[in-house]
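# After the sequence you'll find the predicted model.
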Amino acid sequence: MEKTKAAKGRYWRAHLRCVGILLLIWFLTSFGCGILLRDWLDVNFPSVGSAPFGFWMAQQGSIISFVLILLGYKFWMERIELMLAKDKGESK
Amino acid sequence: MTQDTWNFIFIGLSFALYIGIAVRQRAGSTKEYYTAGGGVSPFANGMATAADWMSAATFISMAGLLATSGYDGSRLLMGWTGGFVLLTVLMVPFLRKFGKATVPDFIGDRYYSKTARLVAVVCAIFICLTYIMGQMRGVGVVFSTLFEIEISTGVWVGGAIVFFYAGLGGMKGITYTQVAQYCVMAFAYTIPAIFIAMTLTGNVIPQFGFIGEYSANGESLPFLDKLDNINTELGFAKYTSGSLPRIDMFCITAALMCGTAGLPHVIVRFFTVKNVKAVRTSACWTLAFIAVIYLTAPTIGGFSRVNLIEKLQDTPREEVPEWFGHFEKTGYMSWQDKNGDGKIQHFGPEREKVGDLNELTFKPDIMVMANPHMGGLPKWVIALLMAGCIAAALSTAAGLLLVLSTAISHDLMKKVVKPDLSDKEEIRYARLASLGALLVAIYFGINPPATFIAKTVAFAFGLAASSFFPTLLMGIFSRRMNKEGAIAGMVAGIGFTLAYIIYFQFMGGTKDQYLFQISPEGIGFLGMLINFAVAFTVARFTPAPPHEVTELVENVRFPGGKETAAQDH
């Protein structure tokens, strides 16, 4: 019982770390690149085709990153759940 | 063949397809569909959710808004797709584990209180109603263009069709119908963009054309420079720079994102796949399918801006192509020859300051439908687009109507007011509720609270962001949050947001009265912060939730139990 509890604790922390990191990327690609740092990025980053970097991020890049973030979430969570299943198996 | 014949052929065919699928599917699998172990694949469910999610606001209004506001329009692009990330990582897996299909149900149980449920129902009603208003406006735009009638008549025609369509019953419930609708919408949206990308930029892929070279009329310069040139020449802000204050841009985007994560009708969709693992896969597909449309929208916006100006600016009225007359007739575009030279001139604020009069006004909502006309595309492409618009508006409007009527008949009447309600009475209440809601929506469809559809819909998201999003989030991630905190938070959040919107949209509040320069579209974000603050403060001074509830919270956080059993097949 105690061990299952510890396993669950590890699972929840791993899960929170996964969500936290992905949401950080989520914030940086949308609010960061698309809005807050937009002007700076337009000047200092290479243009995408003829589009300034910040503008491109706001109109296209952020959407592409969101799809990648969800893909990352899927595979990451599958690994974490595998870890929990193993953890639980050992504690029995 | 005339345009009308083409339109009716395409719309007729698409409807025959939806009804055909609905009838075929009804026989064997409707029951299966509603059970948790239903065999809907994540791929199909992803497509269906995408169709459900993309409404008239996305399909009809968004590109037009991008065309007129350039960079500022990014708030919708990022807001509505980014919200999906929040929804997937913060909400859906847990609510799925909890196993109750409606949001008021979750709130009622998690916060162990009828009052909480009641407040949630009221919030759901406000959110759905605002959302349907936008959809009705969209339906009206489509039908008025189709039959060349006034928009108000169009809204009535559309309302009648939505009522009939929602009444078909299973229609909405059947995933495969929505799969077909998604396909129609995706083709209808991308094909005109591809055609126009070829003529304007010589590039087959619109997204590459958008960041590539403009090559029509013997000119050669980057397409975005062309857009910037057009805008500065006419006295508008540069296409790529926009004119919203940054804080407003931030708040609107945040409100749309958080609102997405609190929208009742999208959350329900994820109950149709068999387990949490499939939910995550399904969410990837959904967002990928949504991205197809969202990545195309800015290109349509840009292309239609260029086409509109190239075709109309300084053109004598009698040389203007026939389509302009159609849109004039329905009131979407209008021209007043102010300087008496017989030519059309369109000018922005900068040029008007120096005395050039703007003669052309148009509603942004019409841009998507006008786009293929302006690009001179074949008639079947225009007909396909019309079929897509109708699919987008009808599917979402009918779906929302169902959620709204269930909220009233099931969550409100049966669970709170009158627990001994018979099934028959419940259905009667549901019908009455959907008729009532539709009439309200029609009224606001004719007299919309905002100048374009996407903005009306943005209000719905603001309301969701300020009420459901924080309450659900705290319900999952905080063991200590109790009913007093949650109720106070929801009431404060949605109350503040609603009051702010009503004050500025209906009671004549002016821009300089905006709180921190935040427009009513973005106020949901502030409402959300208020919700959090009030909830935590109240919860600190009131008793902790009972033991069963902390256990419930513990339980939704972990996979296992019933979930693992279901994973086996």
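Now that the structure is in, tell me what you want to look at. Owing to the predicted nature of the structure, the values given are computational and were not obtained by experimental measurement. Numbers count the residues shown, from 1 in each chain, chains lettered A, B, ... in the order given.
# now for the helix or strand of chain A with the lowest mean pLDDT, which elements pack on it?
Here the helix or strand of chain A ranked lowest by mean pLDDT, DSSP states H and E is helix A:38-44, holding a mean of 75. Contacts defined by 3 or more Cβ pairs under 8 Å, 6 or more residues apart in numbering or on different chains; DSSP states H and E place helix A:38-44 against helix A:53-56. Bear in mind the C-beta positions are built from the backbone N, C-alpha and C, glycine included.
# Run through who's touching the helix it packs on.
A:33-34, A:37-42, A:45-49, B:71, B:211, B:224, B:240 (Cβ atoms under 8 Å, 6 or more residues apart in numbering or on different chains).
# where's it relative to the chain centroid, distance-wise?
Distance of helix A:53-56 from its chain centroid, counting by Cα atoms, centre = their mean, to the nearest Å, is 20 Å.
# and if you look at stretch A:51-67?
On Cα atoms, centre = their mean, the centre of stretch A:51-67 falls 16 Å from that of its chain.
# So which bits of the least confident helix or strand of chain A are buried?
By neighbour count on 16 or more other Cβ atoms under 10 Å in any protein chain shown, the buried set for helix A:38-44 is A:R38, A:L41, A:D42.
# Flag every residue of the stretch 51-200 of chain B that's near chain A.
Applying Cβ under 8 Å from any Cβ of the partner chain, we find that the stretch 51-200 of chain B lies next to chain A at B:66, B:71, B:74, B:77-78, B:81-82, B:84-86, B:88-90.
# Can you lay out the residues you listed as a markdown table showing distance to B:K424?
A markdown table is the format used below for these (distance: Cβ to Cβ, whole Å):
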| residue | distance to B:K424 |
| --- | --- |
| B:L66 | 48 |
| B:Y71 | 54 |
| B:S74 | 50 |
| B:L77 | 46 |
| B:M78 | 46 |
| B:T81 | 42 |
| B:G82 | 44 |
| B:F84 | 38 |
| B:V85 | 43 |
| B:L86 | 40 |
| B:T88 | 38 |
| B:V89 | 42 |
| B:L90 | 39 |
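# of these, closest to chain A?
Distance to chain A across these (Cβ to the nearest Cβ) is lowest for B:S74, with 3.7 Å.
# Grab the nearest non-local neighbour of that closest one.
Among residues not flanking B:S74 along the chain, A:A58 sits closest, at 3.7 Å (Cβ to Cβ, 6 or more residues apart in numbering or on different chains).
# So chain B: which segments form each domain?
B:3-29+B:41-313+B:369-563, B:317-368 (automatic domain parsing).
# one step back: tell me which residues are up against the least confident helix or strand of chain A.
A:C33, A:P52, A:F53, A:G54, A:F55, A:M57, A:A58.
# what's the most distant pair in those?
A:C33 and A:P52 (11.2 Å; Cβ to Cβ).
# ok, B:L435 - contacts?
Taking Cβ under 8 Å, 6+ apart, one finds B:F163 in contact with B:L435.
# Okay, B:E213 and B:N203: tell me how far apart.
Using Cβ to Cβ, to the nearest Å, one gets 8 Å for the distance from B:E213 to B:N203.
# what residue is smack in the middle of chain A?
A:L22 (1.6 Å; Cα atoms, centre = their mean).
# Look at B:P419 and tell me its secondary structure.
coil (DSSP: H, G, I helix; E, B strand; the rest coil).
# Around it, how many other residues sit close by?
8 (other Cβ atoms under 10 Å in any protein chain shown).
# so who does B:L118 touch?
B:L412, B:V416.
# Show me what counts as buried in the one helix or strand it maps to.
Per DSSP states H and E: B:L118 is located in helix B:114-147. Using 16+ other Cβ under 10 Å as the test for burial, helix B:114-147 gives B:116-146.
# Check which helices and strands the top helix by length along chain A is in contact with.
Taking DSSP state H as the criterion, chain A has its longest helix at helix A:62-91. Under the contact criterion of 3+ Cβ pairs under 8 Å, 6+ apart, helix A:62-91 touches helix A:2-27, helix B:74-86, helix B:276-312.
# quick one: average pLDDT of the shortest one?
In this model, helix B:74-86 carries a mean pLDDT of 86.
# chain center to that helix: distance?
11 Å.
# and the direction of it versus that of helix A:2-27, what angle?
With axes from the mean of the first three to the mean of the last three Cα atoms, to 10 degrees as the basis, helix B:74-86 and helix A:2-27 are set at 170 degrees to each other.
# which secondary structure elements does helix B:74-86 contact?
By 3+ Cβ pairs under 8 Å, 6+ apart, helix B:74-86 packs against helix A:2-27, helix A:62-91, helix B:63-69, helix B:246-260, helix B:276-312, helix B:453-477.
# and the direction of it versus that of helix B:246-260, what angle?
40 degrees.
# Show me the contact partners of the next helix or strand after helix B:74-86.
Using DSSP H and E, the next helix or strand after helix B:74-86 towards the C-terminus is helix B:92-98. For helix B:92-98, the external contacting residues (Cβ under 8 Å, 6+ apart) are B:103, B:106, B:109-110, B:267, B:270-271, B:276, B:279-280, B:283, B:472, B:476, B:552, B:555-557, B:559, B:563.
# low pLDDT regions in chain A?
A:1-3, A:88-92 (pLDDT under 70).
# so which of the helices and strands packed on helix A:62-91 comes closest to B:H346?
That would be helix B:276-312 among the helices and strands packed on helix A:62-91, by Cβ to Cβ, at 6.6 Å.
# what's the closest non-adjacent residue to B:P546?
Here the residue nearest B:P546, using Cβ to Cβ, 6+ apart, is B:Y112, at 6.6 Å.
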